[in-house]
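>>> This is a predicted model, with the sequence first.
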Amino acid sequence: MSASVKLPPFDAGDPLGIDDLLEPEDLAVRETVRSWAADRVLPFVADWYESGELPGIRELAKELGSIGALGMSLSGYGCAGASAVQYGLACLELEAADSGIRSLVSVQGSLAMYAIHRFGSEEQKSRWLPAMAAGDVIGCFGLTEPDHGSDPAAMRTHARRDAGGDWVLNGRKMWITNGSVAGVAVVWAQSENGIRGFVVPTDTPGFSAPEIRHKWSLRASVTSELVMDDVRLPADAVLPEVTGLKGPLSCLSHARYGIVWGAMGAARTCFEAAVDYAKSREQFGRPIGGFQLTQAKLADMAVELHKGILLAHHLGRRMDAGRLRPEQVSFGKLNNVREAIEICRTARTILGANGISLEYPVMRHATNLESVLTYEGTVEMHQLVLGKALTGLDAFR
Ligand SMILES: Cc1cc2nc3c(=O)[nH]c(=O)nc-3n(C[C@H](O)[C@H](O)[C@H](O)COP(=O)(O)OP(=O)(O)OC[C@H]3O[C@@H](n4cnc5c(N)ncnc54)[C@H](O)[C@@H]3O)c2cc1C
């Protein structure tokens, strides 16, 4: 290293200088989402969490639409056409506020809208996507069932064609984000030709979405059952461009990519809370941040946090180049959610008893991440995906 080169100062918020990878437009997207979350989520989210409700979700959706966050990386039909990296940055900033808000955006954009955008007919796209991009219509994505989660191929919900060509849908879906506030549901069902996706207006007779209460995680998020009792749909309600499990799995891959980034947002908030606390909380006559054991925790948290963000960037650039494989998304989801939850739990220890209080964001994020660890493929599912890729041997069953 030349003696004349002046190093930039150490930046505790970005110790690896990862921001050097970002373009001015990326920084602008990040700032827009960060300041929206600072105004519209952070002042209220502890109360939402405590009450287990997300009041004003329809207004929030419209505001998210107005900043271009819904279906952000899709193009046309009123979508922002942002890069994968920009979409990831938005997920990180939203989840730094709360995983529930990021879930709202992921399900809307990466699951419901993505399914229609990628597999829908022109008529389905123009009917639903502009309204969903604006946040005027909320979407949900029904794959999981009460008895079939990790193994969706075994789903029982089925679609039968009747003599006139209509589809008749029967079955139940479980744990569906946005379900009871959705205007449209993308529902996956068995048909005589394999698994098909259906675009279901939620006011169709026979469709209902009772909300699931008593959750101790993702409390600032709407989660519901979907009940379909002889839901009659026209012939053109089916997503025409896909048959089989690859339909829902490719939507999940897109959403999981957002989680790779988002989880690091929750981790960042907990890490920052821990650093602040460690600098001001005194025991034995000095700040606890001055003890080596606390510094070891903070150093390890920072290492995993910024490695995770770097990994998210790497995967984002691969997605933008059209070179991101599903196994790489599994790699990212497995690592980043697992490390994020560990960072939040360690932050909890640094805050001592205050760590369990809603006055601080740490416990809220840690409990939220319990859901994030499970949905969009559990840890074990992603280990099996990677295990299969590494060995060529399928250990799923
Ligand atoms: C808050 C929340 C929101 C959600 N939102 C949605 C949504 O919008 N849409 C949707 O469709 N779903 C949604 N889900 C459902 C989620 O995707 C499922 O919970 C997840 O896929 C796991 O399914 P399961 O809960 O049935 O667990 P199971 O599949 O029953 O798994 C239980 C345990 O067994 C393990 N296991 C299963 N099979 C194997 C195996 N072969 N080898 C080793 N271990 C195995 C799992 O890894 C897990 O640890 C949501 C869940 C939550 C909690």
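Looks like it arrived, so ask away.
>>> so E241, which of the three states?
With DSSP: H, G, I helix; E, B strand; the rest coil as the basis, E241 sits in coil.
>>> Kindly apply the preceding question to A159 instead.
Judged by three-state DSSP, the three-state class of A159 is strand.
>>> before we move on, what about C140?
Put simply, C140 is strand when judged by three-state DSSP.
>>> give me every residue that touches the residue in the stretch 1-150 of the chain that the ligand sits nearest to.
At 1.9 Å from the ligand, G149 is the closest residue in the stretch 1-150 of the chain, using C-beta to the nearest ligand atom. To be clear about C-beta, it is placed using only N, CA and C from the backbone, and glycine gets the same treatment. By C-beta atoms under 8 Å, 6 or more residues apart in numbering, the contact list for G149 reads M174, W175.
>>> please renumber so the chain begins at 36
OK, 36 is where the count begins now, so the last one is G184.
>>> how much space is there between it and I211?
Counting by C-beta to C-beta, to the nearest Å, the gap from G184 to I211 is 12 Å.
>>> those helices in this protein, which residues are they?
59-75, 80-86, 92-101, 119-132, 134-141, 149-154, 157-168, 281-315, 327-355, 361-385, 397-409, 414-426 (DSSP state H).
>>> Dump these to JSON lines, plus mean neighbour count.
Putting these into JSON lines (neighbours: other C-beta atoms under 10 Å) gives the following:
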{"stretch": "helix 59-75", "mean neighbour count": "16"}
{"stretch": "helix 80-86", "mean neighbour count": "17"}
{"stretch": "helix 92-101", "mean neighbour count": "18"}
{"stretch": "helix 119-132", "mean neighbour count": "28"}
{"stretch": "helix 134-141", "mean neighbour count": "28"}
{"stretch": "helix 149-154", "mean neighbour count": "24"}
{"stretch": "helix 157-168", "mean neighbour count": "19"}
{"stretch": "helix 281-315", "mean neighbour count": "24"}
{"stretch": "helix 327-355", "mean neighbour count": "18"}
{"stretch": "helix 361-385", "mean neighbour count": "22"}
{"stretch": "helix 397-409", "mean neighbour count": "23"}
{"stretch": "helix 414-426", "mean neighbour count": "15"}
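>>> Present the ones you listed as JSON lines; the columns should include mean pLDDT and distance to G229.
Listed next are these as JSON lines, based on pLDDT from 0 to 100; distance: least, C-beta to C-beta, whole Å:
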{"stretch": "helix 59-75", "mean pLDDT": "98", "distance to G229": "38"}
{"stretch": "helix 80-86", "mean pLDDT": "98", "distance to G229": "40"}
{"stretch": "helix 92-101", "mean pLDDT": "98", "distance to G229": "33"}
{"stretch": "helix 119-132", "mean pLDDT": "98", "distance to G229": "29"}
{"stretch": "helix 134-141", "mean pLDDT": "98", "distance to G229": "26"}
{"stretch": "helix 149-154", "mean pLDDT": "98", "distance to G229": "14"}
{"stretch": "helix 157-168", "mean pLDDT": "98", "distance to G229": "19"}
{"stretch": "helix 281-315", "mean pLDDT": "98", "distance to G229": "10"}
{"stretch": "helix 327-355", "mean pLDDT": "98", "distance to G229": "27"}
{"stretch": "helix 361-385", "mean pLDDT": "98", "distance to G229": "20"}
{"stretch": "helix 397-409", "mean pLDDT": "98", "distance to G229": "27"}
{"stretch": "helix 414-426", "mean pLDDT": "98", "distance to G229": "21"}
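>>> right, and L268 touches G199 too?
No - if you go by C-beta atoms under 8 Å, L268 and G199 don't touch, sitting 11.7 Å apart.
>>> which one of these two has more residues nearby?
With neighbours defined as other C-beta atoms under 10 Å, L268 and G199 compare such that L268 has more, 21 against 8.
>>> got the contact list for that one?
Per C-beta under 8 Å, 6+ apart, neighbours of L268: D201, W202, V203, L204, F233, V235, T239.
>>> Isn't M398 up against T384?
No - look at M398 against T384 with C-beta under 8 Å: they stay out of range, at 11.5 Å.
>>> okay, the helices of the chain in TSV with distance to the ligand next?
Putting those into TSV (distance: least, C-beta to the nearest ligand atom, whole Å) gives the following:
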stretch	distance to the ligand
helix 59-75	20
helix 80-86	13
helix 92-101	14
helix 119-132	14
helix 134-141	7
helix 149-154	11
helix 157-168	15
helix 281-315	8
helix 327-355	20
helix 361-385	11
helix 397-409	4
helix 414-426	3
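>>> Lovely, talk soon.
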